[in-house]
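1. A predicted structure for the sequence below; I have some questions about it.
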Amino acid sequence: MKKFSKIAAVALAAISAFALCACGNNGSAENNAANTDAATSGLKAGFICLHDENSTYDLNFINAAKAACDKLGVECVIKTNIPEGQEAYDAAVDLADAGCNFVFADSFGHEDYIIEAAKEYPDVQFSHATGTKAHTEGLSNFHNAFANIYEGRYLAGIAAGMKLNEMIDNGTITADQAKMGYVGAYTYAEVISGYTSFYLGAKSVCPTVTMEVTFTGSWYDETAEKTGAQTLIDDGCVLISQHADSMGAPTACETAGVPDVSYNGSTASACPNTFIVSSRINWEPYFETVLTAIANGENYPVDFCGTLSDGSVALTDLGTAAAEGTAEAIKEAEAKLTAGELHVFDTATFTVNGETLTSYMADVDSDADYTPDHEAIVDGYFNESGDGLRSAPFFDIQIDGITLLDTKF
């Protein structure tokens, strides 16, 4: 196991507070199971994670799996550090052979291997997070799942914009110095959708904001993420966020005294002076829905997309670095998002090469050539993960105001 800094260990311990307890082997699980359907408590669920608890992304899944299984009295088996290769297929087969009724994998590159296993085990239900192929594969036992995390990132962006306004008002920076930095893993649509929604949230309250993005080429590389954040800080970015899974960027921010918006869990314990807020997908509602459906012999969505309304999109409590009025601004925007009065990718709020988008063909039915196949602009906004489309993000547009420092990944 890698050695991690003390600051990272403290933060991960704080993030672990999302977990309720180990599933299937303690008194709490037994007490909760007594209140569930007997069929539910007889299930066995398997979970495949790209990394382990040291990754904030995987920890978020692990905590949700334990909490949902504990609540329903379901036995769970968690396999960690499973690469995006043949090992994913082997892990899925091992779980199916071990009697799991439900097998879930958490990383984009696992998908083809999980599909292969699903074809061989038609009596086992398989689900995959962030995937794109369930709605075109046509398998009754293979599913994709995601959530409208772009809405959570938009709300976190509002918190960032409020902080920038505070810095402008107190003279720390000028309006034209309101430049954010963002550490991304890859130039995938999922990452583009995330950093764009974060930027648009900030822009909604701080109109002069700009943003630079750098990429690491890995979902989890503490050194590269820390270096990326420091590069952005050295280039004049006064606030940092990320779509990568280690404590690298938050640690760099705490050391430099630069405000930070993290992802997948609070870093308040390790970064008390710089932490603003974090967004995350809460996977508990999905796991509970699926396991209950399997127990009752019912179908569940081929392509599930959780929402703010059902609790699948969540924000942490605000950190001490958050600006005054942030909670109120977030609450107001969340109400409008939930009511459908506000759309994150409203085409009136951004331009592309100086022009407003009126049409955009997106790659929804993924193929090897990423062929555009669906009109994504509906009623004046980009219909990200919309009804009837896939759950995984497909917003891949480079909008004005965001500069990419590299695109090699």
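-> Noted; the coordinates are in hand.
2. I'd say N264 and N282 touch.
-> No - with contacts counted by Cβ atoms under 8 Å, N264 stays clear of N282, the gap being 10.5 Å. For the C-beta atoms, the positions are set from N, CA and C on the backbone; glycine is no exception.
3. of these two, which one has the most company?
-> N264 (25 against 21; other Cβ atoms under 10 Å).
4. roughly how far apart are that one and T227?
-> For N264, the distance to T227 equals 20 Å [Cβ to Cβ, to the nearest Å].
5. now P207
-> From P207 to T227 the distance is 31 Å (Cβ to Cβ).
6. of those two, which one has the most company?
-> Using other Cβ under 10 Å as the criterion, P207 and T227 rank with T227 on top: 17 against 11.
7. pretty sure that one is in a helix, no?
-> Yes - remark: T227 belongs to a helix, assigned using DSSP: H, G, I helix; E, B strand; the rest coil.
8. give the contact list for it.
-> G248 (Cβ atoms under 8 Å, 6 or more residues apart in numbering).
9. can we start the residue count at 875 from this point?
-> Noted, 875 is the first residue going forward, which turns the last one into T1101.
10. so for the host helix or strand of D986, mean pLDDT?
-> Per DSSP states H and E: D986 is located in helix 985-994. Averaging pLDDT along helix 985-994 gives 98.
11. just the strands in the stretch 975-1124 of the chain please.
-> 976-979, 999-1003, 1016-1021, 1053-1058, 1084-1089, 1113-1117 (DSSP state E, counting those that start in this stretch).
12. among those strands, which is nearest I1251?
-> strand 1016-1021 (20.6 Å; Cβ to Cβ).
13. export the strands of the stretch 975-1124 of the chain as a markdown table, with columns for distance to A1030 and mean neighbour count.
-> Output for the strands of the stretch 975-1124 of the chain, formatted as a markdown table (distance: least, Cβ to Cβ, whole Å; neighbours: other Cβ atoms under 10 Å):
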| stretch | distance to A1030 | mean neighbour count |
| --- | --- | --- |
| strand 976-979 | 26 | 29 |
| strand 999-1003 | 20 | 26 |
| strand 1016-1021 | 14 | 25 |
| strand 1053-1058 | 11 | 26 |
| strand 1084-1089 | 13 | 22 |
| strand 1113-1117 | 7 | 30 |
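14. make CSV from those strands and add distance to L969 and mean pLDDT to it.
-> Listed next are the strands of the stretch 975-1124 of the chain as CSV, based on distance: least, Cβ to Cβ, whole Å; pLDDT from 0 to 100:
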stretch, distance to L969, mean pLDDT
strand 976-979, 5, 98
strand 999-1003, 9, 98
strand 1016-1021, 14, 98
strand 1053-1058, 31, 98
strand 1084-1089, 32, 98
strand 1113-1117, 28, 97
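15. out of these, flag the one nearest T930.
-> strand 1113-1117 (9.6 Å).
16. how close does the closest residue to N1138 other than its chain neighbours sit to E1096?
-> Counting by Cβ to Cβ, 6 or more residues apart in numbering, T930 is the residue found nearest to N1138 once chain neighbours are left out, at 4.0 Å. According to Cβ to Cβ, T930 stands 11 Å off from E1096.
17. give me the common contacts of those two.
-> In contact with both T930 and E1096: 1120-1121, using Cβ under 8 Å, 6+ apart.
18. what about those two, which has more around it?
-> T930 (26 against 22).
19. surely that one touches G1139?
-> Yes - under the criterion of Cβ under 8 Å, T930 is in contact with G1139, at a separation of 5.3 Å.
20. neighbours of the closest residue to D1095 other than its chain neighbours, how many?
-> Distance criterion Cβ to Cβ, 6+ apart; nearest residue to D1095, sequence neighbours excluded, is S1120 at 6.7 Å. For S1120, the count of nearby residues is 29 (other Cβ under 10 Å).
21. which ones are touching T1245?
-> D1237.
22. and it, helix, strand or coil?
-> Per three-state DSSP, T1245 ends up coil.
23. Y1255 versus that one, what's the distance?
-> From T1245 to Y1255 the distance is 23 Å (Cβ to Cβ).
24. where do the strands sit along the stretch 1125-1274 of the chain?
-> Under DSSP E, counting those that start in this stretch, the stretch 1125-1274 of the chain gives strands at 1134-1137, 1149-1155, 1177-1180, 1187-1189, 1235-1236, 1248-1249, 1251-1252, 1255-1256.
25. deepest in the core, which of those strands is it.
-> strand 1134-1137 (a mean of 29; mean count of other Cβ atoms under 10 Å).
26. any idea of the mean pLDDT for that strand?
-> 97.
27. show residues contacting that strand.
-> Residues contacting strand 1134-1137 (Cβ under 8 Å, 6+ apart): 930-931, 1030-1031, 1033-1034, 1072, 1113-1119, 1123-1124, 1127-1128, 1141, 1145, 1148-1154, 1195.
28. partners of that strand, with directions?
-> strand 1113-1117 (parallel), strand 1149-1155 (parallel) (DSSP bridges).
29. D1239: which of the ones you listed is closest?
-> strand 1149-1155 (23.2 Å).
30. how about the helices in the stretch 925-1074 of the chain?
-> Taking DSSP state H, counting those that start in this stretch to define them, one finds helices in the stretch 925-1074 of the chain at 930-946, 960-971, 985-994, 1008-1011, 1023-1043, 1063-1079.
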